[in-house]
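> here is the input, now give the coordinates:
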Amino acid sequence: MKEQKSSRVLLVLFFGVLMGALDIAIVGPALPAIRSSFAGTGERSLAWIFSAYVLFNLIGTPVMAKLSDIAGRRLIYAIDIGLFAVGSLIVASAPAFSFVFIGRAIQGFGAGGIFPVASAVIGDTFPPERRGSALGLIGAVFGLAFVIGPALAGLILSIASWHWLFLINVPIALIVMAFGLKLLPGRADRPVERFDWLGMAALSLTLSAFTFGLNNIDTAHFGSSLVGLRVLPFLVAAIVFGFITSQIERRAANPILPASLFQSRQLRIGYALTTGAGVGEAAVVFMPLFAIAALAGVKQGQASFLLLPVVIAMAIASPVSGRLLDRFGSKAVIVSGLAVTTVGVFLLSITAGSLTMFIISGALMGFGLSSLLGAPIRYITLNEVAQEDRSAAQGVITVFTSAGQLAGAAVIGAVAASGGGSASSYASAFFVVCAASVVMLVAALRLKRRAAERASAQK
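Below you'll find the predicted structure:
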């Protein structure tokens, strides 16, 4: 009976995470239709359909994760799903483009808590010896979403308007909410703690300044005077607000980012590795542009299909890496995965002119990245932190992953643009990613061995 309930819980978490992941994958094909619906919408405005989601997702993650530790997984997971549905409804019924922005912001804020809370529920519900498999299944959602997302978007757009890409979220969200309220664990029996509103505000300003600064690197390449005008002020502000946040958190009775989340060497290495994983994800996004520049005859409409080896490999390898976690521990899985990733990125940087090697390199990157994204780092935090901080720790992972994605996209884009977007400039950018992967591999060698990790999980 207990096994059956765990399976139902996992199914609720799976569909909630899938809904959020699919939304990222299906928006791209809808952009031309959205632009045609709102006269005067330019490329920069259209880009904010993504940027608004990413920014508010980044802000919502630590907030919702901490609220989950205070108010309980069940309530906050339902609120996250509900916010996502409300945002979807606003986008679908938007009378002006500004409402699309508002809806995407609400979607992002709600989605920010879905994955961290789902990971924390797994820590609360599953014993240590089964956590890896459960996390691996949830991690596979992202690869699955990017395989079926574009096809699903194309099907819906062929028979209905773009509005249905968002309206379809509403009934799914209502079903997930209903089962979530019935099946997920409630709040632990402990005193209600005061929420750290001041820390939340300071952290939000830090993340916002960081996001705006890195996003502006796209229009202000390295060496340009625009860097000083559009980038540095935001990055300096992020450092200042980050320092203020740390001072507030030291004095807070119930900090949104408890100091215990950074005291363990295992956790600090995990955060560094998940930042690097974000850089790897950003590199994958640039692969179609690399293909257009490096492979003769590849057109813009065809290039996105060259991502299929990456996402299929991730979808296959994520649940496998989860099972391997339960058997061999995080160090063995992460080190071997990083070695495969490094080989894949290196081969891509030196053999991109060959279609066969491009496909092989992409598959290697997908298999390798599955050892970082989804299960392995979240498995580490579930073993290292107390139950009352599990969701907050999962939120920290998401924040560091997003920071890596933003930084990776900024650096890769700037290096490629500095060479005019040529094949050699993209090769240089991917070689930088390869160097980062080597550094991560060295850091991963300092993770705990299996016996020590199991001892931490049993505490």
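> next structured bit after the helix or strand of the chain with the lowest mean pLDDT?
In the chain, no helix or strand scores lower on mean pLDDT, DSSP states H and E than helix 226, which sits at a mean of 52. Sequence-wise, the next helix or strand downstream of helix 226 (DSSP states H and E) is helix 232-251.
> for burial, what's the neighbour tally of G362?
Counted with other Cβ atoms under 10 Å, residues neighbouring G362 total 24. Where C-beta positions appear, they are placed from N, C-alpha and C, glycine not excepted.
> got the contact list for it?
Applying Cβ atoms under 8 Å, 6 or more residues apart in numbering to G362 gives the contacts M287, L306, L307, P309, V310, A313, G344, L348.
> state the helix or strand in which the last one lies.
Right, the one you point to is L348. Using DSSP H and E, L348 falls in helix 330-351.
> now do that helix, average pLDDT.
For helix 330-351, the mean pLDDT works out to 91.
> what is the subsequent helix or strand relative to it?
Past helix 330-351, the next helix or strand by DSSP H and E is helix 355-369.
> could I get the buried residue list for that following helix?
Neighbour counts using 16 or more other Cβ atoms under 10 Å place F358, I360, S361, G362, A363, L364, M365, G366, F367, G368, L369 of helix 355-369 among the buried residues.
> with pLDDT added, can I get those residues in TSV?
Conversion of the buried residues of helix 355-369 to TSV gives the following (pLDDT from 0 to 100):
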residue	pLDDT
F358	91
I360	93
S361	92
G362	90
A363	92
L364	93
M365	91
G366	87
F367	88
G368	88
L369	85
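> from those, which single one is nearest G87?
L369 (28.2 Å; Cβ to Cβ).
> and that closest one, what does it touch?
A277, G280, E281, V284, V310, M314, G337, T341.
> kindly recompute the last result at 7 Å.
When contacts are counted by Cβ atoms under 7 Å, 6 or more residues apart in numbering, L369 touches A277, G280, M314, T341.
> any idea how far L183 is from the third one?
Going back to what we said before, that points to M314. From M314 across to L183, the span is 28 Å (Cβ to Cβ, to the nearest Å).
> how about the first one?
From A277 over to L183 the distance is 30 Å, taken as Cβ to Cβ.
> what do you get for the last one?
Remark: distance between T341 and L183 (Cβ to Cβ) = 36 Å.
> which one of these two is surrounded by more residues?
T341 (29 against 18).
> re the thing from before, so what does the helix holding L348 touch, helix or strand wise?
On a contact count with 3 or more Cβ pairs under 7 Å, 6 or more residues apart in numbering; DSSP states H and E, helix 330-351 meets helix 265-285, helix 308-328, helix 355-369, helix 375-384, helix 423-444.
> just the ones you listed: most buried one?
Most buried of the helices and strands packed on helix 330-351, by mean neighbour count (mean count of other Cβ atoms under 10 Å): helix 375-384, with a mean of 29.
> what's next to it, contact-wise?
With Cβ under 7 Å, 6+ apart, helix 375-384 has contacts from 119, 123, 128, 131-132, 135-136, 139, 264, 266-267, 270, 273-274, 318, 321-322, 325, 330, 333-334, 390, 393-394, 397, 453, 456-457.
> 8 Å instead?
Counting by Cβ under 8 Å, 6+ apart, residues outside helix 375-384 touching it are 119-120, 122-123, 128, 131-132, 135-136, 138-139, 264, 266-267, 270, 273-274, 277, 318, 321-322, 325, 330, 333-334, 337, 390, 393-394, 396-397, 447, 453, 456-457.
> same check on stretch 435-448?
Under Cβ under 8 Å, 6+ apart, the answer for stretch 435-448 is 265-266, 269-270, 272-273, 276, 279-280, 329-331, 334-335, 338-339, 341-342, 345, 380, 456.
> ok so, going back, and the contacts of G362 as TSV, adding distance to W197?
Output for the contacts of G362, formatted as TSV (distance: Cβ to Cβ, whole Å):
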residue	distance to W197
M287	41
L306	46
L307	41
P309	46
V310	41
A313	43
G344	44
L348	46
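> check what pLDDT the closest residue in space to A339 that isn't next to it in sequence gets.
Residue nearest to A339 in three dimensions, not counting chain neighbours: L441, with 6.3 Å by Cβ to Cβ, 6 or more residues apart in numbering. On the pLDDT scale, L441 is placed at 92.
> L441 and G337: what is the separation?
Counting by Cβ to Cβ, the gap from L441 to G337 is 9 Å.
> now do stretch 205-214: distance to the chain's middle.
Offset of stretch 205-214 from its chain centre (Cα atoms, centre = their mean, to the nearest Å): 17 Å.
> list the buried residues for that stretch?
Buried-residue list, stretch 205-214, by 16+ other Cβ under 10 Å: L205, T206, L207, S208, A209, F210, T211, F212, G213, L214.
> just the CA trace of the helix or strand harbouring the last one, in CSV.
Using DSSP H and E, L214 maps to helix 197-215. Listed in CSV are the C-alpha atoms of helix 197-215, where the atom choice follows Å, rounded to 0.1, in the frame of the first residue of the first chain:
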residue,chain,number,x,y,z
TRP,A,197,10.6,39.2,3.8
LEU,A,198,13.6,41.6,4.0
GLY,A,199,16.0,38.8,2.9
MET,A,200,13.6,37.9,0.1
ALA,A,201,13.5,41.6,-1.2
ALA,A,202,17.3,41.9,-1.1
LEU,A,203,17.8,38.5,-2.8
SER,A,204,15.3,39.5,-5.5
LEU,A,205,17.2,42.7,-6.2
THR,A,206,20.4,40.7,-6.4
LEU,A,207,19.0,38.2,-8.9
SER,A,208,17.3,40.9,-11.0
ALA,A,209,20.4,43.0,-11.3
PHE,A,210,22.5,39.9,-12.2
THR,A,211,19.9,38.8,-14.8
PHE,A,212,19.7,42.2,-16.5
GLY,A,213,23.4,42.7,-16.5
LEU,A,214,24.1,39.3,-18.2
ASN,A,215,21.2,39.7,-20.6
